[in-house]
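Undergrad: pasted the sequence and its predicted model underneath.
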Amino acid sequence: MMNSKYLIDDTVLAALLKKTDRSNMVWQLTFKKFNKNFIDYFQSNQTLSSTQIQAVFEEVFPRLINNLNQSPLNLNQTLFSLLLVMGCNSFNSPDSKNQMNKVAPYLAGEILVQLIQANHTRCLYYLFSQYKEPTMVILNNKYGSYFSVAPLEIYGEAIMVLKNNIEQGKLEFPMRSRLFTYFFLIARNKYLALGNKMKGLVFYPDLMDFETKLNPKDSQDYFNSGNEIICPILKKLLEGPNKEVFKKLLETFHNDEHELLRLRFEEGLRFKEIGKLLHLKEATCRKRLHDSLKRWKKQFFISQVA
């Protein structure tokens with residue numbers, strides 16, 4: 001049985017196909033896409049003619065729609081593989097559900113893309129409702145401990161980005177992944193970008209003052225003063241077993257940066273003092289530390305959650 005998260009596109013298409021007839025756009029697009037792939041699949045059997053295959057398809061496709069109308073949506077394989085099973089039964093030929101699930105696995109997503117291109121409002125509505133729960137669950141499970149912002153805040157915007165990308169022809173056929181996968185990447189990127197902004201992973205103008213306070217001798221008092229919201233990931237790295245992660249990441253800095261980091265964070269010197277010791281301008285010291293920490297935060301973030 002396939003995991004339900006891999007059948008979201010088929011669940012959306014099945015919901016759209018229920019209570020449809022031959023005059024409905026969803027019915028027509030699905031018929032056309034399934035018809036071609038159905039014929040391609042069974043033409044590998046040399047004993048069957050194109051006429052026989054077409055006749056069976058025209059008999060089993062309406063039956064598939066009727067089955068959707070008569071039972072609750074509880075899919076354990078793609079709609080197209082269900083159709084193939086019905087075809088195999090009609091031809092009295094053996095079938096393998098595992099093999100059938102590998103045949104044209106993204107057909108449902110391609111049909112949904114075509115419906116959105118045709119401005120089918122019900123398709124967008126079902127996408128919005130069906131994608132919501134799995135998207136929230138995955139984002140919360142994978143990234144929820146890093147951000148206080150809720151994934152729901154970006155969900156509607158991500159749907160509109162998906163719609164715009166489809167209308168602009170950015171998704172090509174044949175699709176190489178599920179439409180839900182494509183949407184989730186949009187939602188994830190938007191969520192992480194929003195989380196970065198809200199949690200201090202971007203470089204704030206006042207972060208230089210914060211960096212001065214990162215000397216472990218006085219960092220605890222500084223974090224207790226209410227400034228921990230500026231960069232909580234740095235706070236976490238100064239606590240408990242995360243210190244080892246912090247040390248390993250510091251080792252990734254270039255050798256030329258080690259002395260600057262040591263003077264700034266271990267010795268607690270100001271940029272003017274560091275500049276005199278390293279024979280650099282104060283502004284140069286600031287710029288180098290700015291770039292080093294920005295690169296480090298990005299590297300840490302990718303290693304932890306990406």
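TA: Yep, it's here. Just so you know, these numbers come straight off a predicted model, no measurement behind them.

Undergrad: in the stretch 1-150 of the chain, which segments are predicted with low confidence?
TA: 1-5, 45-46, 71-73, 95-101, 145-148 (pLDDT under 70).

Undergrad: quick one: the strands in it?
TA: Applying DSSP state E, counting those that start in this stretch to the stretch 1-150 of the chain gives no strands.

Undergrad: quick one: contacts for the nearest residue to D10 once chain neighbours are set aside?
TA: With C-beta to C-beta, 6 or more residues apart in numbering as the measure, A108 is the residue that lies nearest to D10, at 4.4 Å, once sequence neighbours are left out. Bear in mind the C-beta positions are built from the backbone N, C-alpha and C, glycine included. Residues in contact with A108, defined by C-beta atoms under 8 Å, 6 or more residues apart in numbering, are 9-10, 12-13, 78-80, 179.

Undergrad: out of the residues you listed, who's the most crowded?
TA: L13 (30 neighbours; other C-beta atoms under 10 Å).

Undergrad: separation between that residue and E257?
TA: As for L13, its distance to E257 is 54 Å (criterion: C-beta to C-beta, to the nearest Å).

Undergrad: can you check H120 too?
TA: Distance, H120 to E257, using C-beta to C-beta: 55 Å.

Undergrad: can you check K287 too?
TA: Counting by C-beta to C-beta, the gap from K287 to E257 is 12 Å.

Undergrad: higher neighbour count, the two?
TA: Using other C-beta under 10 Å as the criterion, K287 and E257 rank with E257 on top: 18 against 13.

Undergrad: settle this for me: the more buried one is touching R288, isn't it.
TA: Yes. Counting by C-beta atoms under 8 Å, E257 does reach R288; the two are 6.8 Å apart.

Undergrad: what ranges do the helices span in the stretch 1-150 of the chain?
TA: With DSSP state H, counting those that start in this stretch as the criterion, the stretch 1-150 of the chain has helices at 8-17, 25-42, 50-70, 79-91, 97-100, 107-117, 121-143.

Undergrad: distance to G156 added to those, as a markdown table?
TA: Listed next are those as a markdown table, based on distance: least, C-beta to C-beta, whole Å:
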| stretch | distance to G156 |
| --- | --- |
| helix 8-17 | 17 |
| helix 25-42 | 23 |
| helix 50-70 | 28 |
| helix 79-91 | 27 |
| helix 97-100 | 36 |
| helix 107-117 | 15 |
| helix 121-143 | 8 |
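
Undergrad: which element is R286 on?
TA: For R286, the host element (DSSP states H and E) is helix 282-305.

Undergrad: average pLDDT for that helix, rounded please.
TA: On average, the pLDDT along helix 282-305 is 71.

Undergrad: grab the nearest non-local neighbour of L16.
TA: Leaving aside its sequence neighbours, L16 sits nearest to V26 (C-beta to C-beta, 6+ apart; 4.6 Å).

Undergrad: kindly export stretch 70-90 (C-alpha atoms) in CSV.
TA: What follows is stretch 70-90, C-alpha atoms only, in CSV (Å, rounded to 0.1, in the frame of the first residue of the first chain):
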residue,chain,number,x,y,z
GLN,A,70,-20.0,4.8,-4.8
SER,A,71,-17.2,4.7,-2.2
PRO,A,72,-15.3,7.1,0.1
LEU,A,73,-12.0,8.3,-1.1
ASN,A,74,-9.5,5.9,0.5
LEU,A,75,-6.9,5.4,-2.2
ASN,A,76,-4.1,2.9,-1.8
GLN,A,77,-2.7,3.3,-5.3
THR,A,78,-2.9,5.9,-8.1
LEU,A,79,-6.1,6.3,-10.1
PHE,A,80,-4.3,5.3,-13.3
SER,A,81,-2.9,2.1,-11.7
LEU,A,82,-6.5,1.3,-10.5
LEU,A,83,-7.5,1.7,-14.2
LEU,A,84,-4.7,-0.7,-15.3
VAL,A,85,-5.9,-3.3,-12.8
MET,A,86,-9.4,-3.1,-14.3
GLY,A,87,-7.9,-3.4,-17.8
CYS,A,88,-5.9,-6.5,-16.8
ASN,A,89,-9.0,-8.1,-15.4
SER,A,90,-10.9,-7.4,-18.7
